[in-house]
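A.B. asks: dropping the sequence and predicted coords here.
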Amino acid sequence: MSEEYYLQPPSSQLFYRVMANMMSFIGAGDRETWGFRTNAKTQTFNRMLVFNFAPFVASSQIVYLYVNYSDLTFDILGIMFSIIPVTILGMVNIYSSKLKSYKSISKNFMHKIHLYNVYKETKNEYVKKTLIYLERITRWTVYYLIFFFILCWIGWMSITAVNNYRNKELVLNHTMRLQTCMYFWMPFDYSYNYRNWFIVHFLNVYAVLMGISAMMIFQSLNYIYIYNIIGHIYVLKNYLRSDFTESLTDEEVRINLKKIIEYNTFILGIFKDVQDAFGLNVSANYLQNLLGNSVVLYQLMYGGKESMVIYVAMIMTYTGAAILMSFVLEEIRRQTLDLPDVVYNTPWEKMSVSNQKTVMLILQRSQIFMDFKAFGGMKAGVAPMMSILKTTFSYYVMLKSSIEN
């Protein structure tokens, strides 16, 4: 895709139009907040269905597990303990779109937060290069998420159905339960009855598709906002390096310093809003990895070969995305670590006393590092994610040992 395409207003780009329609359809946002038309009737109906159906999806699985726990085989338990944490993550993403902070950043995204707005005002070459770079990395990240989330859905819907068909005799002999993705409590038994199983699996097709769509879109929006924050930090540092030449008058320096303060305040405000809007999502991602990864890993290593695609896709989707998210959040912090040095390296010694005082103020503000705090004050970044991965392997070893003994 040509560079000029990325320099168009976001609302004119197909990528953002599709994102807006998808988030309206599954309830992860409202396209009207991005400046598009009001929701269509199909979008309004489906988002209402998703919001009302989600509590049943989660609670029904827990009830099924409680009622049938003693009769469930290890394979079925493995599926349920892999899926229930994912279900909770999906619910967090669906209902996080109702947060006031989330609605606020959605309204400001197109005309304030997106880096295109800075480029439109300045036509700065550095801003242009940064915008193009961020737009490309945004799309690759979103495509990664879409590919593996959809692969998970296709795998769970098709491979479990194929397994049930291949093992028809075992099912009819009541030596193997029919497999699906989410096991709902129902007033009828579908453990060995193909007709009843088909009803539940049909519900799974819709419920899982809506769940993975909500996670896929909400996680993508998380990355979009964070990438734009990183882009603004890049631009702020470039302003500090390039906007204070010796040829400027005191008044011009004062104007540029004022611009720096306003821009820094703007970035800090966006960062706080994004932290409030997506902090619960980040915590839920970490919790899902902590609770579900060991089971998924065990299923991958010792489950049937026919299910390997499913669990590889789950690891790439949930663990891979969480690792990527941790590195991206760490990048915000990393970019602000040297910000005080960039401020100090401006030619402040040649400025007037009043402007030097302003530089001192900027220097103080620049020492506020942007450490992303998830819900509950949890620090997000590479170190917490590495701790979760270590814990995952410890749980996996414990699970493996307990089963073998």
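C.D. replies: Yep, it's here. Residues are numbered from 1 along each chain as shown.
A.B. asks: what's next to the helix or strand where Asn21 lies, contact-wise?
C.D. replies: Assigned by DSSP states H and E, Asn21 falls within helix 14-26. Where contact means C-beta atoms under 8 Å, 6 or more residues apart in numbering, the residues beyond helix 14-26 that reach it are 10-11, 28-32, 34, 36, 39-40, 42-43, 46-47, 50, 94, 97, 139, 142, 210, 213-214, 217-218, 220-221, 224. Quick note: C-beta positions are derived from backbone N, CA and C, even for glycine.
A.B. asks: tell me the buried residues in it?
C.D. replies: Under the neighbour-count criterion of 16 or more other C-beta atoms under 10 Å, helix 14-26 has Phe15, Tyr16, Met19, Ala20, Asn21, Met22, Met23, Ser24, Phe25, Ile26 buried.
A.B. asks: I'd like the distance between the fifth one and Lys120.
C.D. replies: Right, Asn21. Asn21 is 24 Å from Lys120, where distance means C-beta to C-beta, to the nearest Å.
A.B. asks: how far away from the center of its chain is stretch 316-323?
C.D. replies: Centre-to-centre, stretch 316-323 and its host chain are 10 Å apart (C-alpha atoms, centre = their mean, to the nearest Å).
A.B. asks: sorry, slip of the keys, the one I care about is stretch 200-207.
C.D. replies: 24 Å.
A.B. asks: let's number from 550 now, not from 1
C.D. replies: All set: I'll call the first residue 550, so the last point we hit is now stretch 749-756.
A.B. asks: which of the residues in it are buried?
C.D. replies: Buried-residue list, stretch 749-756, by 16+ other C-beta under 10 Å: Val749, His750, Leu752, Asn753, Ala756.
A.B. asks: follow-up on the earlier one: closest to Asp624 out of the buried residues of helix 563-575?
C.D. replies: Asp624 lies nearest to Ile575 out of the buried residues of helix 563-575, by C-beta to C-beta, at 30.2 Å.
A.B. asks: check the gap between the closest one and Asn771 for me.
C.D. replies: Using C-beta to C-beta, Ile575 is found at 15 Å from Asn771.
A.B. asks: who are the packing partners of whichever helix in the chain runs longest?
C.D. replies: Assignment by DSSP state H gives helix 799-851 as the longest helix of the chain. Counting contacts by 3 or more C-beta pairs under 8 Å, 6 or more residues apart in numbering; DSSP states H and E, helix 799-851 is packed against helix 623-645, helix 649-657, helix 743-791, helix 857-863, helix 869-886, helix 902-915, helix 931-953.
A.B. asks: mind putting those helices into JSON lines with distance to Val616 and mean pLDDT?
C.D. replies: Listed next are the helices and strands packed on helix 799-851 as JSON lines, based on distance: least, C-beta to C-beta, whole Å; pLDDT from 0 to 100:
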{"stretch": "helix 623-645", "distance to Val616": "12", "mean pLDDT": "86"}
{"stretch": "helix 649-657", "distance to Val616": "36", "mean pLDDT": "88"}
{"stretch": "helix 743-791", "distance to Val616": "15", "mean pLDDT": "91"}
{"stretch": "helix 857-863", "distance to Val616": "25", "mean pLDDT": "80"}
{"stretch": "helix 869-886", "distance to Val616": "32", "mean pLDDT": "88"}
{"stretch": "helix 902-915", "distance to Val616": "57", "mean pLDDT": "83"}
{"stretch": "helix 931-953", "distance to Val616": "23", "mean pLDDT": "76"}
